[in-house]
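S.K.: Take this sequence and fold it.
(one chain, ligands or ions: 1)
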Amino acid sequence: QARNEEGKREDSIEKDEWTNVTATIERLTHRKLLSNPAHPLSILRDIIFSKFPEREYTRANFPNPRVSVYENFDSLNFAPDHIGRSKTDTYYLNKHEVLRTHTSAHQVESFRVHPTPGFLVAADVYRRDEIDRTHYPAFHQMEGGRWWSPEGMSSVKEFVAKIEADTAKIPVSGIKIVDDTLPFHDGNPRQDGQSPEVCIALTNHLKRSLERVVGEIFENIADGDPSATKEPLQIRWIDATFPFTSPSWEMEVYWQGDWLELFGCGVTQQRVFEQAGHPERVGWAVGLGLERLAMVLFGIPDIRLFWSEDPRFLEQFTPGVVNAFKPFSKYPGTYRDVAFWLKDGTTPEQFHDNDLMDIVREVAGDLVENVSLIDKFTHPKTKRNSLCYRVLFQSMERTLYNDEINVLQDNIRETLKIKFGVELR
Ligand code: PHE
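M.R.: Sure, this is the predicted structure:
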């Protein structure tokens, strides 16, 4: 039996009147898309992670999406009546446990345990939602955080200088900020008890860090696309509100004619550091949804494709590479096997896959999606060689009828017999 970190059986959910996780959602929690390094979501995660220095930002894994209501909401300063807590928005295992609705559920733990001043987390998250091209009740986020401690500092000035020195180390990004926000104002206030200088220094470190990462990611993509113009990437900062940061912002980038919202971020609420057992610290946090950005960068038209187990989806991607997704038919395919004995004295090596491919292409054209050799053996007595190929018939435009596939299959078999003298099985 699978066990979670506390050694509890993972399926030992004590149900109560709050339980609303369905079997379908439960199944999704076991898919672990991010553990496949060749999945586009993992490729994007790894590219983003690689932009944060490893010695400064610890990478942490939280494979189990089951968290406490405290971790997901209370520790992050969510008001008792916050809409996000409602049963219509959140999947509850029971009154005390939910499927995390965001990776922020791991902020307190991450700020508490790591020896490095920064952390990065990527994980699956769940929210009750309709399903369409851009919405799915399970998706993926990454979280980042960075903190400083004033311990050993003799003045606020010295502390601010330390944060500013770290900001100065961030490589300059080539992006163009077309709209910025004030560091803080009445509608997006600094926290009581945090000096304006510290708030501004944190804001600058946050903005420069994230501008640089975004600039580099989009620059790499544009480099691989010869049609892309070399104009600097345009971004804008927008005021936002989150219970666990203040002030807070969202970043948007201008990409292929539209403003695309990338992430939420802000100066971490002191309450979070208090919960983490480090009330003296200050810092910032960011949370980014991976699907929307991956859809834009890889040209993936439908969020449901990320959950596809179809090799025609999964086999298109390579770790470290952002390539354009090639759409394939959404109409069902049908497999047919073509098996035959080679002419006496012919070895399987003398019959080339391409010989069959050419016949298939001639007979069926675009109605064949794939051909693969699935079996090959030598008869122990007669020493004759047998081959079996599996042909996937599929159309980009319509569902194929069995009758027409049968005609095509017969045609392929007959042509093989005539051209290569094989004995059909
Ligand atoms: N958790 C927030 C969300 O899901 C994003 C966020 C993370 C905002 C960290 C600020 C800081 O929308």
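
S.K.: Now do the same contact list for the closest residue to L206 other than its chain neighbours.
M.R.: Leaving aside its sequence neighbours, L206 sits nearest to W284 (CB to CB, 6 or more residues apart in numbering; 4.1 Å). For the C-beta atoms, the positions are set from N, CA and C on the backbone; glycine is no exception. Residues near W284 by CB atoms under 8 Å, 6 or more residues apart in numbering: G145, R146, L202, T203, H205, L206, T245, C265, G266, V267, T268.

S.K.: cool, G84 as well?
M.R.: Under the criterion of CB under 8 Å, 6+ apart, the neighbours of G84 are F73, F78, T90, T101.

S.K.: can I assume it sits in a helix?
M.R.: Yes - looking at G84 with DSSP: H, G, I helix; E, B strand; the rest coil, it is inside a helix.

S.K.: distance of it from R45?
M.R.: Distance from G84 to R45, counting by CB to CB, to the nearest Å: 24 Å.

S.K.: taking the mean pLDDT, what do you get for the helix or strand hosting C199?
M.R.: Taking DSSP states H and E as the definition, one finds C199 inside helix 196-223. Helix 196-223 carries an average pLDDT of 91.

S.K.: continuing past it, what's the next helix or strand?
M.R.: Downstream of helix 196-223, the first helix or strand assigned by DSSP H and E is strand 234-242.

S.K.: Can you check what angle separates that next one from helix 196-223?
M.R.: Orientation of strand 234-242 against helix 196-223 (axes from the mean of the first three to the mean of the last three CA atoms, to 10 degrees) gives an angle of 130 degrees.

S.K.: Wondering if strand 234-242 reaches the ligand at all.
M.R.: Yes - among the residues of strand 234-242, F242 lie within reach of the ligand under CB under 6 Å from any ligand atom.

S.K.: Could you please name the strands that strand pairs with and the direction of each pair?
M.R.: Strand 234-242 has these partner strands in its sheet, going by DSSP bridges: strand 176-179 (parallel), strand 245-255 (antiparallel).

S.K.: In CSV: those strands, plus mean pLDDT, distance to L293 and mean neighbour count.
M.R.: Output for those, formatted as CSV (pLDDT from 0 to 100; distance: least, CB to CB, whole Å; neighbours: other CB atoms under 10 Å):
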stretch, mean pLDDT, distance to L293, mean neighbour count
strand 176-179, 93, 19, 13
strand 245-255, 96, 9, 21
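
S.K.: So which of those strands is nearest the ligand?
M.R.: For the ligand, the closest of the strands paired with strand 234-242 is strand 245-255, at 4.6 Å, according to CB to the nearest ligand atom.

S.K.: That closest one close to the ligand?
M.R.: Yes - against the ligand, strand 245-255 shows contacts by CB under 6 Å from any ligand atom at T245, S248.

S.K.: contacting residues around that strand?
M.R.: By CB under 8 Å, 6+ apart, strand 245-255 touches 178, 181, 183-184, 188-191, 199, 203, 207, 210-211, 214, 218, 233-242, 259-269, 284-285, 296.

S.K.: right, and V213 touches F52 too?
M.R.: Yes - applying CB atoms under 8 Å, one finds V213 in contact with F52, separated by 7.1 Å.

S.K.: So which of those two has more stuff around it?
M.R.: V213 (23 against 19; other CB atoms under 10 Å).

S.K.: Neighbours of the residue nearest to that one when sequence neighbours are not counted, how many?
M.R.: Distance criterion CB to CB, 6+ apart; nearest residue to V213, sequence neighbours excluded, is K51 at 4.4 Å. Around K51 sit 18 other residues, with neighbours defined as other CB under 10 Å.

S.K.: Whichever residue of the stretch 151-300 of the chain sits closest to the ligand and F298, how far apart?
M.R.: Closest contact between the stretch 151-300 of the chain and the ligand, by CB to the nearest ligand atom, is at G287 (2.5 Å). Noted for G287: a distance of 21 Å to F298, by CB to CB.

S.K.: Kindly report the residues of the stretch 1-150 of the chain close to the ligand.
M.R.: Counting by CB under 6 Å from any ligand atom, the stretch 1-150 of the chain sits next to the ligand at H102, S104.
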